[in-house]
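Visitor: Need a 3D model of the sequence below.
(chains A, B, C and D)
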There are 2 protein chains.
Amino acid sequence: MTQLTLKEIARLAGVSRTTASRVLNDQPHVRSELRERVLRVVAETRYHPNPVARSLALQESRMIGLVVPRSVHSFFSDPYFPRLTQGIAEACNQYDYTLSLFLVQTPQDEAKVLPKITSRGFLDGVVVQVGQMEDHLIATLADSGLPMVVAGRPEITEGISFIDVDNVEGARNAVLHLLKLGRRRVATITGGLNTAVGLDRKVGYERAHAEMGLPCDPALIVEGDFTENSAYQAMGRLLQHHPDAVFAASDIMAVGAIHAIQHHGLNVPRDIAVVGYDDLPPALMVTPTLTTIRQPVRRFGIQTVTTLLELLKNGPQPPRQVIMGTEIVVRESCGAILAEGANIS
Amino acid sequence: MTQLTLKEIARLAGVSRTTASRVLNDQPHVRSELRERVLRVVAETRYHPNPVARSLALQESRMIGLVVPRSVHSFFSDPYFPRLTQGIAEACNQYDYTLSLFLVQTPQDEAKVLPKITSRGFLDGVVVQVGQMEDHLIATLADSGLPMVVAGRPEITEGISFIDVDNVEGARNAVLHLLKLGRRRVATITGGLNTAVGLDRKVGYERAHAEMGLPCDPALIVEGDFTENSAYQAMGRLLQHHPDAVFAASDIMAVGAIHAIQHHGLNVPRDIAVVGYDDLPPALMVTPTLTTIRQPVRRFGIQTVTTLLELLKNGPQPPRQVIMGTEIVVRESCGAILAEGANIS
DNA sequence: AGTAGATATGGGAGCGCTTCCAGATACACT
DNA sequence: AGTGTATCTGGAAGCGCTCCCATATCTACT
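Guide: Alright, predicted model coming up:
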């Protein structure tokens, strides 16, 4: 079977390449009779235009890249990355873009992959998942001129479009939930305070107290590092200060906290209520099941793409910075469900 | 800044396009003086050839696709997919290929995405993750002529290259492990027996018995469907037949089985030893920690790519079918670690 | 000095598509 | 019939690269 090209289609339909091209691109100035003839030939031969040639001529590839830097690799152990990818891929399908994936694990990868990403004409735009200490990568991409949207909050936001989840608001709601259930000594195990996420969630904790007109006891704030073990340790220390609730800045840490509480012979949620953050599978595996903050990860991915596409459509313009909300998922560990009021003691 | 092209580079270096191209592609027939001059200009201008134009001229894109059909979406909830992707991406980086991702979730997606995938010149080859009932997709891709490797075992293997993990051997080792620890009433909770994986693991169970010259008691074989709940139910039924060990065809099911055993007041591993399959996070979250079969998922992804690249290099040829081994991860639930010999009762 | 044979060089065509633009055709008027 | 306008049509150039092939240059011979 001879290689199918537009020229061949045109020949078969008895028209010129131009006319055939017009038909394929739904352009005017083609007699409906010819249009039909071309469409029939296309259908019969199952012809599809060569996207590479098309990209070259149009100077746009209809491809966008997703760049995942090495520091994000913790994400491979939680469902964040797959869900994000799913959202992004979904949006790409919808808008007829192709997604290509760049996992940058080593500096060598970076040296190899970055030039490719920024090569003219290869990608129309790029989504970069923010990790830690990736200013360099983001800066390089930013001034390559390639349209870019950052998923997460980059360290420098100047002139950069990004989508972030409102960690302050999420944490605030978590803590507010506990306070409204009548808990009055609400502790927190923070994430690493060298990360934006860790800091934001701590701010949310403080803000909730301020809103309710309650003081924050510094003894009830302990730093963890997002691992279960760090939270287990942290909870051990917290217990000396008799909290009646804990907000852990991640589900994994919440699990660590619950284990610590239980090993001290106390009951969750009766003695100490717990709220986590992320709504990952561990939240359901633990006993009692975990009340937590769910992030709209899939929608987040979609948002990332739609924002990028807007950037593409409208050319260079003021960067867009979108902050998305969260939702609280109430389960057993906060004590809201099992016993109404009885817990307020 | 004017658009950089090969022509421009050639002009700056005072040579022809051809010569410049030769230098960039490490081809002979260029005086070393000229070569250097060109390289210097390239370095100064940070020029990188336009990959799209290159693809068009070379008739190869150096892109491969990863196609994930809708039925694989359970994979989004376990780390299989991220790890596979990681392996694939790693290999792509190494061999200078770009990976593009196609999530085919709906029939509409399929209609939209398939023509794109099979368009001439767009992808050099494709890796298809096998799900359930995807013969159609695989068949379509197969006879589009696009070089293809299937990750997993497709329903029809005729003329198709695929990489699979040896589920029979993995299950066999799991059960052998239990038998060698002296267990004599080893039950199994199988996966859905309408899936290749479910069937293979059951065959492994039987084969282990055959090898040891032991009979299989049909009462000790119960079908689950890979969910925790199905295993919990199954285990309940199994208990009436007094097994002293259980091989569950997935970790999730092993967790269900352990819960059931414990709720009946029995001890794992003393009364009943348990071995799972997959080595997913739940294996570590449960008490006692789970002995299980680990799949080489990342290496699996890499293998998938190297096989595809061989196919690309050597042209159409007999399909390659690779079966990869597994390894057993011994933890507490099988009783091998805590008590040597004491369990043999 | 002359020539075969190797080695360098660059013009030009081609990859498959889009699109400008000039020319052809149709239609409605005076 | 003749002009003007709207509507079609297709040749040709161009997107940025590779590579064939004809030509130019350089060695090492006789």
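Visitor: Show me what the helix or strand bottoming out on mean pLDDT in chain A is packed up against.
Guide: The weakest-scoring helix or strand in chain A, judged by mean pLDDT, DSSP states H and E, is helix A:282-285 (a mean of 80). When contacts are defined as 3 or more CB pairs under 8 Å, 6 or more residues apart in numbering or on different chains; DSSP states H and E, helix A:282-285 packs onto helix A:251-263, helix B:282-285. Any C-beta I mention is one placed from the backbone N, CA and C, and that applies to glycine too.
Visitor: May I have the residues that are in contact with residue A:286?
Guide: Shown in contact with residue A:286 (CB atoms under 8 Å, 6 or more residues apart in numbering or on different chains): A:254, A:255, A:258, A:333.
Visitor: So the residue of the stretch 101-250 of chain A found nearest chain B versus residue A:81, what's the distance?
Guide: When scored by CB to the nearest CB, the stretch 101-250 of chain A has residue A:103 as its residue closest to chain B, at 3.9 Å. According to CB to CB, to the nearest Å, residue A:103 stands 10 Å off from residue A:81.
Visitor: Need the residues touching each of those two.
Guide: Common neighbours of residue A:103 and residue A:81, using CB under 8 Å, 6+ apart, are residue A:68.
Visitor: Run through the helices of the stretch 151-300 of chain A in chain order.
Guide: A:167-180, A:196-211, A:228-239, A:251-263, A:282-285, A:297-314 (DSSP state H, counting those that start in this stretch).
Visitor: still on that earlier bit, which of the helices and strands packed on helix A:282-285 comes out lowest on mean pLDDT?
Guide: Looking over the helices and strands packed on helix A:282-285, mean pLDDT reaches its minimum on helix B:282-285, with a mean of 80.
Visitor: Restricting to C-alpha, output it in CSV.
Guide: Output in CSV follows, covering the C-alpha atoms of helix B:282-285 (Å, rounded to 0.1, in the frame of the first residue of the first chain):
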residue,chain,number,x,y,z
PRO,B,282,-0.7,-2.2,52.5
ALA,B,283,1.8,-5.1,53.0
LEU,B,284,3.6,-2.9,55.5
MET,B,285,0.6,-1.2,57.0
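Visitor: what's the distance between the helix or strand harbouring residue A:41 and the middle of its chain?
Guide: Here residue A:41, judged by DSSP states H and E, is contained in helix A:32-45. Relative to its parent chain, helix A:32-45 has a centroid offset of 44 Å by CA atoms, centre = their mean, to the nearest Å.
Visitor: List, one by one, the residues from chain A near DNA strand D.
Guide: Counting by CB under 7 Å from any atom of the strand, the positions of chain A adjacent to DNA strand D are A:15-19, A:22, A:28-31, A:34, A:53, A:56-57, A:59, A:120-121.
Visitor: Type out the ChimeraX command that picks the buried ones from those.
Guide: In ChimeraX, a selection of the buried entries from these looks like this (16 or more other CB atoms under 10 Å in any protein chain shown):
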select /A:15,19,22,30,34,53,56,120,121
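Visitor: Filter the residues of chain A next to DNA strand D down to the ones in helices?
Guide: Among the residues of chain A next to DNA strand D, the members falling in helices (DSSP state H) are A:17, A:18, A:19, A:22, A:34, A:53, A:56, A:57.
Visitor: The first one is in contact with residue A:6, isn't it?
Guide: By that I understand residue A:17. Yes: with contacts counted by CB atoms under 8 Å, residue A:17 reaches residue A:6, the gap being 5.4 Å.
Visitor: Of the helices and strands packed on helix A:282-285, give the one that comes closest to residue B:204.
Guide: Nearest to residue B:204, of all the helices and strands packed on helix A:282-285, is helix B:282-285, at 18.4 Å by CB to CB.
Visitor: Name the residues of that closest one that are buried.
Guide: B:282, B:283, B:285.
Visitor: Over to stretch A:300-312?
Guide: Neighbour-count burial for stretch A:300-312 flags A:300, A:301, A:302, A:303, A:304, A:305, A:306, A:307, A:308, A:309, A:311, A:312 (criterion: 16+ other CB under 10 Å).
Visitor: Compile the residues you listed into a markdown table and extend it with columns for pLDDT.
Guide: Converted to a markdown table, the buried residues of stretch A:300-312 look like this (pLDDT from 0 to 100):
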| residue | pLDDT |
| --- | --- |
| A:300 | 94 |
| A:301 | 95 |
| A:302 | 96 |
| A:303 | 97 |
| A:304 | 97 |
| A:305 | 97 |
| A:306 | 96 |
| A:307 | 96 |
| A:308 | 96 |
| A:309 | 95 |
| A:311 | 93 |
| A:312 | 92 |
